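Asker: Sequence below, structure please.
(2 chains)
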Amino acid sequence: MKLHEYQSKDLLAKYGVAVPGGQVTSDPEEARKIAEDLGGSCVVKAQVLMGGRGKAGGVKLFDNADDAGTFAKELLGKKLVSIQNPDGMIVEQILIGELIDIAEEYYLSVLLDRAEQKLVVMISKEGGVEIEQVAHDTPEAIVRLHVDNAWGLDTFQVRDAVAQANIPAKAQRQMVAMIIKLVEAYRGSDAEMIEINPVAWTPDGKLIAADAKVALDDSALFRHKEFAATADESAEHPIEAEAARRGIAYVNLGGEIGIMGNGAGLVMCSLDEVNAAGASPANFLDVGGGAKAERVKSCIELVLMDENVTGLLINIFGGITRCDEVAKGILQAFDEMEVNIPVVARVEGTAAEEGLRLLEGSQIIGAQTMQEAAAKIVAAVKA
Amino acid sequence: MSILVNKDTKVVVAGMTGREGSFHTGQMIEYGTNVVAGVTPGKGGQELLGVPIFNTMAEAVAETGADASLLFVPPPFAADSVMESDAAGIPFCTLITEGVPVDDMMRAVAKIKATGNSTLLGGNCAGIITPEECKMGIMPGHIFKKGPVGLVSRSGTLTYEVVWELTRGGLGQTTCVGIGGDPIIGTRFIDTLMEFEKDPETKAVVMIGEIGGTDEEVGAEFIKNHMTKPVVSFISGRTAPPGKRMGHAGAIISGGKGTPQAKVDALLDAGAAVADRTSDVATLVKEALSAVGV
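Answerer: Numbering: from 1, shown residues only, chains lettered A, B, ... in the order given. Just a heads-up that it's a prediction; the model follows:
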């Protein structure tokens, strides 16, 4: 899950990383007070997890607390819309942050290098710009430092890497300390990614994490319960948020054919088949292993929440999942909901015969193979 | 012949007394797998499905001579179970559990690599099956058949899909290996490809990959430089948008890495056949086999 900016900064501060002062609030009057405590000059930032937040008008600088308070009132409750997130998101919380003087900007991130099966720290003197652009234009400007799984980082390695990245001598000592703390924060919080862009060097010689993006490993949330409450906010689409609350793997893709299946590989493949058959998938949905009827029903509800869906493709190859359970769930869902769109189901594998028998006589169009199912649903929708 | 498991493999199941553990152990025994022990801390001395339960892996090994472990342990304790299996000296361990924290897996994989005691398959995988001999996992046994094709895949259900096509097309399998969909896994494509290359009974290999990571590309490099046997491949998620995670924690195209086209290109360059759809795999395998005179 992605953390909000304020959560990311709080987390880093807990591990001793210097971050700008500030506070989060959902009350405009409190916002004004926080701005006042910061001496009037501040930045007000909408706490929404969407790309293009700045361009959508969610970030603004102020030199006095009253103006900041007025803007806070405007911003709270407003829907921000960006190119990356055309559906928009309502601003429920804002961060009132300290404005810091920046003399130079660097870049730091920690993430998993899958090929090496190790964490990697990325260090660059080129901060404040898109790191993808740096990687493309001047790949040598990014230094990668792998973290040994058993031994962690030794200070001399970090020192060498920081020097190699051409971080100016004056900032090197603080940079080394920040990297060591970031790796501690990464492992301690079960992060998936930590990115600080920019790392700000101030005129009075301090190194500060001016912005922070942290994503956590969903599988490890059971030991970081403090973040569980906001897990659904990290979704980019309202149905994805609902799916997160129900514990279902769902991704909205904006197309017309609703898709559900069991197993991520099979569902991905079903999307490919629908594309090949000439239609576009509305979503990815994996019902998971061993799904019971109740869960299957819940999955169908989710897919049909999307108003763009004009047809539903169900693709099950039962291993751990029993096809008769799936069939029961489908029938239950159709009993309780009015479904007026074509539905094609392909069920194969464990208890497939029982499953098919249950579906006989219902409105569902059967299919033998995944390819046939994709062709049938596309034909039915286009008919 | 086969790879990693066969009719002589003696399996200990950790988490066997749980709901899924007991269901699948029952299915495995029915298939003919030699399940010799179960492990659940605190339930030692009991018996389930005619199999003795022990408190620890070490006890299970001492009493039964188990030489492969299968883990259905809940995510918070799964990595610990991998390391317990390793410490008990069990040479082959399969972790079925989905949703194990990445940090735990990094530690477990690094530790067993350091001890050199054991090979880990998974996590988040369907397991491994040598048809008509040993099923160690959650796959539906009836779709598999003995024969000359080795199969390795990141996805469980996609394995069933392709195997069903192979079996119906008269193409049996030596061993089918589900390596799992997580970013950190114990056995990677290259490891399984090496095993198949060494196995005299395996005449052709099917490799089923998906978007995300670069393990398919590393596999392709191995195929190019070291494999004499024909390889037929399929890559899932070819129309997936970048930046979206498709269920498998590992399946995400990020920063230009892990794109389906890069994988397809690497495989074609290595001389592998790449099927556009799952339904083409069996035909390509037949062609590959007849080209090598099988």
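
Asker: In contact with residue 288, which residues are there?
Answerer: You didn't pick a chain, so chain A it is. By Cβ atoms under 8 Å, 6 or more residues apart in numbering or on different chains, the residues touching A:Gly288 are A:248-249, A:262, A:295. The C-beta positions use only the backbone N, C-alpha and C, and glycine is treated the same way.

Asker: Chain B, not that one
Answerer: Counted by Cβ under 8 Å, 6+ apart, B:Ala288 has contacts B:204, B:230-232, B:273.

Asker: out of these, which are inside strands?
Answerer: Those of these mapping onto strands are B:204, B:231-232, B:273, per DSSP state E.

Asker: got TSV for the contacts of A:Gly288, with secondary structure too?
Answerer: Shown next, in TSV, are the contacts of A:Gly288 (DSSP: H, G, I helix; E, B strand; the rest coil):
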residue	secondary structure
A:Ile248	coil
A:Ala249	strand
A:Asn262	coil
A:Arg295	helix
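
Asker: Considering these, which possesses the most neighbours?
Answerer: A:Asn262 (30 neighbours; other Cβ atoms under 10 Å in any protein chain shown).

Asker: hmm, back to that, looking at the contacts of B:Ala288, spot the one nearest A:Ile364.
Answerer: A:Ile364 lies nearest to B:Val232 out of the contacts of B:Ala288, by Cβ to Cβ, at 33.4 Å.

Asker: List the residue ranges of the stretch 51-200 of chain B that fall below the pLDDT cut-off.
Answerer: Applying pLDDT under 70 to the stretch 51-200 of chain B picks out no residues at all.

Asker: A:Ile330: how many residues sit nearby?
Answerer: 28.

Asker: Who are the contact partners of it?
Answerer: When contacts are counted by Cβ under 8 Å, 6+ apart, A:Ile330 touches A:296-297, A:300, A:314, A:343, A:345, A:359, A:362, A:364.

Asker: did I read that right, it in a helix?
Answerer: Yes - according to three-state DSSP, A:Ile330 belongs to a helix.

Asker: Quickly note the distance from B:Ala62 to B:Ala88.
Answerer: Computed as Cβ to Cβ, to the nearest Å, the B:Ala62 to B:Ala88 distance reads 9 Å.

Asker: higher neighbour count, these two?
Answerer: Between B:Ala62 and B:Ala88, B:Ala88 has the larger neighbour count (other Cβ under 10 Å), namely 21 against 13.

Asker: Give me the domain ranges for the chain.
Answerer: Because you didn't say which chain, this covers chain A. By the assignment in automatic domain parsing, chain A contains the domains A:21-98, A:104-228, A:238-382.

Asker: if you could check chain B rather than the one you did, that'd help
Answerer: B:11-122, B:140-291.

Asker: Chain A: helices as residue ranges?
Answerer: Assigned by DSSP state H, the helices in chain A fall at A:5-14, A:28-37, A:65-75, A:131-137, A:155-164, A:169-188, A:238-246, A:264-276, A:293-305, A:323-336, A:352-359, A:370-382.

Asker: Of these, flag the one that's most buried.
Answerer: Highest mean neighbour count of the helices of chain A: helix A:264-276, a mean of 27 (counted as mean count of other Cβ atoms under 10 Å in any protein chain shown).

Asker: I'd like to know which elements that one is packed against.
Answerer: Contacts defined by 3 or more Cβ pairs under 8 Å, 6 or more residues apart in numbering or on different chains; DSSP states H and E place helix A:264-276 against strand A:257-261, strand A:283-286, strand A:311-318, helix A:370-382, helix B:156-168, strand B:204-210, strand B:231-236.

Asker: which bits of the stretch 151-300 of chain A sit near chain B?
Answerer: A:187, A:190, A:192, A:217-220, A:222-223, A:249, A:251, A:253, A:261-269, A:271-273, A:275-276, A:281, A:284, A:286, A:289-290 (Cβ under 8 Å from any Cβ of the partner chain).

Asker: if we can go back for a sec, quick one: which of the contacts of A:Gly288 is nearest chain B?
Answerer: A:Ala249 (4.4 Å; Cβ to the nearest Cβ).

Asker: Could you report the pLDDT at the closest one?
Answerer: Looking at A:Ala249, its pLDDT is 89.

Asker: Tell me who's in contact with it.
Answerer: Contacts for A:Ala249 were tallied using Cβ under 8 Å, 6+ apart; they are A:243, A:264, A:284-286, A:288, B:247.

Asker: With A:Ile341 instead?
Answerer: A:Ile341 sits next to A:309-312, A:381 when contact means Cβ under 8 Å, 6+ apart.

Asker: Torsion angles phi and psi at the residue lying closest to B:Val39 once chain neighbours are set aside?
Answerer: Using Cβ to Cβ, 6 or more residues apart in numbering or on different chains and skipping the chain neighbours, the partner closest in space to B:Val39 is B:Ala14 (4.5 Å). B:Ala14 has phi and psi values of phi -90, psi 140 when expressed as degrees, to the nearest 10.

Asker: Please name the bridge partners of B:Ala14.
Answerer: B:Ala14 has the following beta-bridge partners by DSSP bridges: B:Val39, B:Leu71.

Asker: check contacts around the residue in chain B positioned nearest to chain A.
Answerer: Nearest residue of chain B to chain A, counting by Cβ to the nearest Cβ: B:Ser155, 2.2 Å away. Residues in contact with B:Ser155, defined by Cβ under 8 Å, 6+ apart, are A:263-266, A:268, B:178, B:181, B:208, B:210, B:236, B:248.
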